[in-house]
Every structure is written in C-alpha cells, then in structure tokens.
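Chemist: The sequence isn't on hand, but the structure is:
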C-alpha cells in the first residue's frame, strides 16, 4: 500500500522543495529518489512537471540570478554617480539574498560539474564583473578610494555580502532584513571606525 | 604485487595529505581507503601514525585554531586602545588564514557530525566571541561606530575575512598576502568611500 500523497504541486512549489533538498544534501548528492521522498509524490509525478533534477537546478539558480541582474536595471542602479549606483546595488544585493535566501544559497554553492552548473558560474562571473565595473567607474570619479585594487575590493565586498547566507534566518529573532542591509552598506562604504 | 610506496611519512606530512583530501571530498566523504590511496601507503601504515581520520581532523583544525588564538596573545592584540587591538587582530587573521590556508579552509567547513567537529565549532564560537568583545570595547571607547550592532558587525567582518579562502591562491600570480591583509584592514575599518 503506497502512502504517496496526491500530487498537488505546481512547478513553483515543487521547486521550493527541491531547493531545500539540494541545499541540505548538495546537488551532486541528491537523487530523484530523494526528491520524490521529500515531496511525498512518485518520481513519475515529478517527471510530469520537469525533465529531471538538472531542470530544477536551472530554474532555481535562474530565480536567484534574475533577482541579482534585475538590480542592475533598476533606476538607482543605472542613473547617478557610480558610487551611489554601487551603494544601491550592494544594498539591493543583500535584500535579494535575504528574500530569495534558499535560491541564492544554492547559487553560491554551485560547483561546475554539469552544463547547468557551469552556466550558472558563468552568469555569476558576469554579475561580479558588472559590479567590478561600477566600482572602477566610482574610483575614476574619485568617490571610491584608490589604494585598494578594484578586483580585490569587489571580492571582499562580495565576501561580506554573500556571508549573510551563512547565518541569516528569516525567523524574526535576529536582525531584520533592513538592519542587515543598513549594516552591510555602512561597513562596506564607511567602515567600522567612528568618524 | 603491491605498489604502495615505503612509508616515509611523519605525522606532520601525513596531516598535509589528509587535509588536502578532506578539503576535496569533505570530511564526511573521506574514508581511510581514500587517505591510504592519496598518501600511497597502506591503511595499517596510517594507523601506525594516528588512531584514525578523526585524529587527523583534530590535529588539522587544532593547527588552524592555535594560529587564530595565538593572535590574541600577541602584544598588539593585548595592549593599547581596543580599536587598534582589533585592527591588529583582523590583519593577523588574514595572515594566519593565508599562511595556514588548507587548515583554516577545513576549519571553516566543519559541520558538527562528530565530537571533534562539535569541539571545533565550539572553539570557533569562542574565538568569534573574543573578537566581538574587542569590538564592543572599541565601541565603548568611542573609536568604533555605534550605529551597527556589535554581533552583526562581527559577523560581517568575519564574512569578509573568511571569504579570502574562497579565492586566495598562493601561486604568486594574484594579490600578495600583504596586499590582501592591507585591503581587508582598509575596507573593514574605513570602507570603500574616498575620504
């Protein structure tokens, strides 16, 4: 007698289950069997929605990447002095990261063993490059310090922003999304020292 | 006919092979068989040096933790205004991280499935706590800004520092140890904005 529940999933809700499993077991360590068990529906029901686990990965990292690239198209990301655009982008990165926490977590853990993973890494590099260009422009405009090399500064700012996935929990007990975004922007742009 | 090479390992050199394998496969995913293959000696030869893989893990993370805790005992970590001591500690953390790269990488990936891993996580929390105390003291002395909560600031600074393990390669082609340490200290304490 099977205990599998009736398939009431949409591609969207199935995706959120899959992303949770990918983040817990790692993408490589996740089988269709694991996904089927976690969702409580049969493998063939999952194949009714998607072609397999790689499609689920692609949809999941696309959601994170769309969120991130979307920032660059926002008005404050396009118009104004480069340093202000950069500040907008950093603040919004934290917001996207927090809003899309499991999807961005998955994106940051992608390793590059499949075509989809390599594509995701490539898109991440594109995004990093766009932010580095903004930093470069801000340095050229004299608003960003010249004594830290652009590539190094970009890496360290991404390091600070991305580390939020390691400890942020949306349970309302820790710092709020707004507090985290404010803290990252303050530290990244004006540092710890009192002025 | 066996092709295993003669065991010329010391506990120290065996440790460096083990750490490399742990970082590649994950500690959970590493068996004594994997260690034996990577070292090119038999399992019983490994048991001649250590009681098993958990002892290798303990030795490896101890090396990283000793490096980090050692900073707090250095003169510049003990004497002077708290903000200056904090700056010294952050600079030295980057240096220890770069010097002991594979060992600190392993420490940062520890998850807590065994007693040794739980002990390592506990020691990491102790270290984080000691740095947070320093930040708190510096804020009380008025040298660190008061508008970012201490715990949040500590996490973000650790996020920036620890992210260095993701991309630093000691091959002499990228930024030097000194450049990375300077960049982290500048960004963490005075931020990206030109003054």
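Modeler: Alright, I've got the coordinates. Only a predicted model underlies this, so the values are computations on that prediction, with no experimental measurement involved.
Chemist: Hmm, residue A:78 is touching residue A:72, no?
Modeler: Yes - with contact defined as C-beta atoms under 8 Å, residue A:78 reaches residue A:72; the gap is 7.4 Å. No exception for glycine: its C-beta is placed from N, CA and C like everyone else's.
Chemist: between these two, which one's more packed in?
Modeler: Each of residue A:78 and residue A:72 has its neighbours counted (other C-beta atoms under 10 Å in any protein chain shown); residue A:72 has more, 16 against 10.
Chemist: Skipping its backbone neighbours, what lies nearest the more buried one in space?
Modeler: Counting by C-beta to C-beta, 6 or more residues apart in numbering or on different chains, residue A:72 lies nearest to residue A:130, which is 5.9 Å off, once chain neighbours are set aside.
Chemist: Just give the number of residues close to that neighbour.
Modeler: Neighbours of residue A:130 under the rule other C-beta under 10 Å: 15.
Chemist: Kindly state the pLDDT recorded for it?
Modeler: As predicted, residue A:130 sits at a pLDDT of 97.
Chemist: That one and residue A:124, how far apart?
Modeler: 11 Å (C-beta to C-beta, to the nearest Å).
Chemist: now residue A:170
Modeler: Taking C-beta to C-beta as the measure, residue A:170 and residue A:124 are separated by 23 Å.
Chemist: So those two - more neighbours on which side?
Modeler: residue A:124 (18 against 11).
Chemist: if I read this right, the more buried one contacts residue A:107, doesn't it?
Modeler: Yes - assessed by C-beta under 8 Å, residue A:124 is found in contact with residue A:107 at 6.8 Å.
Chemist: Please identify every residue contacting each of these two.
Modeler: Counting by C-beta atoms under 8 Å, 6 or more residues apart in numbering or on different chains, the residues touching both residue A:124 and residue A:107 are residue A:65.
Chemist: max-length helix in chain A?
Modeler: Looking across chain A with DSSP state H, the single longest helix is helix A:115-140.
Chemist: just checking, what packs against that helix?
Modeler: Here helix A:115-140 is seen to pack against helix A:53-73, helix A:82-99, helix A:150-162 when contacts are counted using 3 or more C-beta pairs under 8 Å, 6 or more residues apart in numbering or on different chains; DSSP states H and E.
Chemist: could you redo the ones you listed as TSV and give each row mean pLDDT?
Modeler: Output for these, formatted as TSV (pLDDT from 0 to 100):
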stretch	mean pLDDT
helix A:53-73	97
helix A:82-99	97
helix A:150-162	97
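Chemist: Highest mean neighbour count out of these?
Modeler: helix A:150-162 (a mean of 22; mean count of other C-beta atoms under 10 Å in any protein chain shown).
Chemist: Determine the angle, from 0 to 180 degrees, between that one and helix A:82-99.
Modeler: Going by axes from the mean of the first three to the mean of the last three C-alpha atoms, to 10 degrees, helix A:150-162 is angled at 30 degrees with respect to helix A:82-99.
Chemist: got the angle between helix A:150-162 and helix A:115-140?
Modeler: Angle, helix A:150-162 to helix A:115-140, by the same axes, to 10 degrees: 120 degrees.
Chemist: by contact count, what packs against helix A:150-162?
Modeler: Where contact means 3+ C-beta pairs under 8 Å, 6+ apart, helix A:150-162 is packed against helix A:82-99, helix A:115-140, helix A:177-190, helix B:150-162, helix B:164-167, helix B:177-190.
Chemist: Please report how far residue A:126 lies from residue A:133.
Modeler: Distance of residue A:126 to residue A:133, given as C-beta to C-beta: 11 Å.
Chemist: for residue A:43, same thing?
Modeler: Counting by C-beta to C-beta, the gap from residue A:43 to residue A:133 is 45 Å.
Chemist: In this structure residue A:100 contacts residue A:63, no?
Modeler: Yes - with contact defined as C-beta under 8 Å, residue A:100 and residue A:63 form a contacting pair (6.3 Å).
Chemist: Buried residues of stretch A:110-119, list them for me.
Modeler: The neighbour-count check on stretch A:110-119 (16 or more other C-beta atoms under 10 Å in any protein chain shown) flags A:110, A:114, A:116-117, A:119 as buried.
Chemist: right, and the secondary structure at residue A:105 would be what?
Modeler: Secondary structure, DSSP: H, G, I helix; E, B strand; the rest coil: residue A:105 is helix.
Chemist: check contacts around it.
Modeler: Residue A:105 sits next to A:23, A:165 when contact means C-beta under 8 Å, 6+ apart.
Chemist: Would you map out the domains in chain A?
Modeler: With automatic domain parsing as the criterion, the domains of chain A are listed as A:11-50, A:62-190.
Chemist: doesn't residue A:101 make contact with residue A:20?
Modeler: No - contact between residue A:20 and residue A:101 fails when scored by C-beta under 8 Å: they sit 10.9 Å apart.
Chemist: shaky segments in chain A?
Modeler: Counting by pLDDT under 70, chain A has low-confidence residues at A:1-5.
Chemist: tell me the centre residue of it?
Modeler: The centroid of chain A falls nearest to residue A:104 when counting by C-alpha atoms, centre = their mean (2.5 Å).
Chemist: just checking, it touches residue A:96?
Modeler: Yes - contact criterion C-beta under 8 Å: residue A:104 and residue A:96 qualify, at 6.9 Å.
Chemist: list the residues that contact both of these two?
Modeler: A:64, A:67-68.
Chemist: Indicate which one of the helices and strands packed on helix A:150-162 is closest to residue A:32.
Modeler: helix A:115-140 (15.5 Å; C-beta to C-beta).
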